[in-house]
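A.B. asks: Based on what follows, work out the 3D shape:
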Amino acid sequence: MNDTTIQELVTLAQNGDHNAREKLIFQYKPFIYKTSCSICQRGLSWENDDELSIALIAFNEAVSSYNPDKGANFLTFARRVISQRLVDYFRHEKRHQHISLSSSVNEEGEENEISPIESSQAWEDHKAKVEKEELAQMMLDFEERLNEFGTSLDELADICPKHRDTREKLANVAEILCSDQALLNSLRKTKRVPAKKLARAAKVSKRVLENGRKYILAMAIIISEERFKELKTFIFSE
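C.D. replies: Take a look at the predicted model:
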């Protein structure tokens with residue numbers, strides 16, 4: 001099936017055509033299977049492995065959320081969503097601590113026996129690669145979000161306070177901003193830090209807010225948006 005036909009079916013599915021959605025899922029079950037086996041580094045069974053159910057749900061999610069304007073073709077996007085959901089599944093269930101990866105799947109769909117050490121290393125290598133890709137995508141998304149507020153990662157790097165105490169103080173101000181729904185709504189609506197009200201709430205001077213305005217804005221985005229939670233770990237562990 002060519003990309004044009006895929007996109008037509010995806011568009012129909014997004015517009016509520018259940019037949020188009022079912023057709024996509026049926027025709028791409030081999031793709032879902034192969035992608036899942038590649039990620040898990042072992043053969044899987046539709047009857048016995050939760051990973052395939054997770055992947056099927058992820059593919060359906062990809063159908064609903066795909067946006068061709070983002071640049072990637074649908075199958076690339078779907079592969080990314082499946083990968084992210086399976087990695088989340090392994091993280092949350094801590095399955096990677098128990099999985100015995102005893103085989104890999106070649107391009108013909110045949111299983112090749114590999115040693116437990118090779119299996120473990122393959123999974124760790126894949127997990128590291130996926131996490132790196134996820135972080136790269138997260139930074140792209142964060143850059144786009146900053147642009148909406150009139151700043152950028154480059155500018156943020158330039159204005160980031162040199163002293164840890166200052167960073168912590170501004171981060172605490174951002175925490176206060178995010179804990180007040182009215183202030184947070186104002187930030188999102190105007191794309192500006194509500195300096196006067198925030199100064200009162202955080203008990204800091206307007207000068208502090210003005211000097212750290214864009215840093216506070218960036219921290220508020222990280223704190224208030226779940227998709228950037230990993231960045232919060234990096235920022236507050238400095």
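
A.B. asks: I'd like the distance between the residue lying farthest from the centre of the chain and residue 198.
C.D. replies: For the chain, the residue at maximal distance from the C-alpha centroid (CA atoms, centre = their mean) is residue 205, at 35.9 Å. Plainly put, residue 205 is 11 Å away from residue 198 if you go by CB to CB, to the nearest Å. C-betas here are computed from N, CA, C, even on glycine.

A.B. asks: same question, residue 155
C.D. replies: To residue 198, residue 155 is 20 Å away according to CB to CB.

A.B. asks: neighbour count winner among these two?
C.D. replies: Taking neighbours as other CB atoms under 10 Å, residue 155 and residue 198 compare with residue 198 leading, 23 against 13.

A.B. asks: what does the particular helix or strand that has that one in it contact?
C.D. replies: Here residue 198 sits within helix 195-202, counting by DSSP states H and E. With CB atoms under 8 Å, 6 or more residues apart in numbering as the test, helix 195-202 has contacts from 172-173, 176-177, 180, 182-183, 186, 205-206, 208-210, 213, 216.

A.B. asks: Out of the residues you listed, which one has the lowest pLDDT?
C.D. replies: Lowest pLDDT within the contacts of helix 195-202 is found at residue 206 (84).

A.B. asks: Please give me every residue in contact with that one.
C.D. replies: 195-196, 199.

A.B. asks: Now tabulate those residues in JSON lines and tack on pLDDT, neighbour count and distance to residue 65.
C.D. replies: Putting those into JSON lines (pLDDT from 0 to 100; neighbours: other CB atoms under 10 Å; distance: CB to CB, whole Å) gives the following:
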{"residue": "195", "pLDDT": "88", "neighbour count": "16", "distance to residue 65": "36"}
{"residue": "196", "pLDDT": "90", "neighbour count": "10", "distance to residue 65": "38"}
{"residue": "199", "pLDDT": "91", "neighbour count": "18", "distance to residue 65": "39"}
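
A.B. asks: Would you mind checking which of those is nearest to residue 225?
C.D. replies: Nearest to residue 225 among the contacts of residue 206 is residue 195, at 21.3 Å by CB to CB.

A.B. asks: measure that closest one to residue 175 for me?
C.D. replies: Residue 195 sits 16 Å away from residue 175, going by CB to CB.

A.B. asks: tell me the domain ranges of the protein?
C.D. replies: By the assignment in automatic domain parsing, the chain contains the domains 3-133, 153-236.

A.B. asks: Please name whichever of these is nearest to residue 142.
C.D. replies: domain 153-236 (5.9 Å).

A.B. asks: about what we covered before: now for the contacts of helix 195-202, which sits with the most neighbours around it?
C.D. replies: Neighbour counts for those peak at residue 216, which has 27 neighbours (criterion: other CB under 10 Å).

A.B. asks: In three-state terms, how would the closest residue to it other than its chain neighbours be classified?
C.D. replies: Nearest non-adjacent residue to residue 216, counting by CB to CB, 6 or more residues apart in numbering: residue 174, 4.9 Å away. With DSSP: H, G, I helix; E, B strand; the rest coil as the basis, residue 174 sits in helix.
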